[in-house]
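**Student:** Below are the sequence and a predicted model for it; my questions follow.
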Amino acid sequence: MSESQLAQVRTRVAQVVWLLCAFAAVVLALGALTYALKTNADNGLVQAVRDGAGFLDLGLFSMDNGIKEFTGDNADIKNSLFNWGLAAVVWLIVGRLLERIIRP
C-alpha cells in the first residue's frame, strides 16, 4: 500500500470515527429533549431514543447516578439535560480528538 493510499484510508477512518461520535452526541441530545418536551414515554421511537441515550451515557452520565443528581420538581428533566447534555459534549470532544489523532 502506497503512502497516499494509506493517507486516504486514515482520512476515511478519521471521518467515520468523527461521524460515530457526533451521532452518539445527537442521540444523547435527542434523549434529553424527549424529557424536556415531556414526550409520550409509551411511544416506541421515544423509548428507543431514551434507551440509546441510556446506553451511550456509559454509566458515568446516567440519569439515575450521573455527575449531578437533581431532586424535586422536574428532576428527570434537569437530570437528562445536565447529564446527557454533558455526555454529548464529551462525545464531541473525544470524537474530535480521535479524528485529529487518526488523520494523517
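**Tutor:** Perfect, thanks for sending it. Only a predicted model underlies this, so the values are computations on that prediction, with no experimental measurement involved.
**Student:** In the chain, what helix or strand scores lowest on average pLDDT?
**Tutor:** In the chain, no helix or strand scores lower on mean pLDDT, DSSP states H and E than helix 75-79, which sits at a mean of 91.
**Student:** Buried residues, that one. List them.
**Tutor:** Neighbour-count burial for helix 75-79 flags K78, N79 (criterion: 16 or more other CB atoms under 10 Å). Every C-beta, even on glycine, is put in place using the N, C-alpha and C of the backbone.
**Student:** now it, how far from the chain's geometric center?
**Tutor:** Put simply, helix 75-79 sits 17 Å off its chain's centre (CA atoms, centre = their mean, to the nearest Å).
**Student:** List the buried residues in the next helix or strand after that helix.
**Tutor:** Sequence order places helix 85-102 as the next helix or strand after helix 75-79, per DSSP states H and E. In terms of neighbour count (16+ other CB under 10 Å), helix 85-102 has its buried residues at G85, L86, A87, A88, V90, W91, L92, G95, L98, E99, I102.
**Student:** would you turn those into CSV with pLDDT and distance to K38?
**Tutor:** Output for those, formatted as CSV (pLDDT from 0 to 100; distance: CB to CB, whole Å):
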residue, pLDDT, distance to K38
G85, 95, 17
L86, 96, 21
A87, 96, 21
A88, 97, 20
V90, 96, 26
W91, 97, 25
L92, 98, 26
G95, 97, 30
L98, 97, 35
E99, 97, 35
I102, 96, 40
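**Student:** Kindly indicate which of those lies nearest S2.
**Tutor:** Of all the buried residues of helix 85-102, I102 has the smallest distance to S2: 18.4 Å, by CB to CB.
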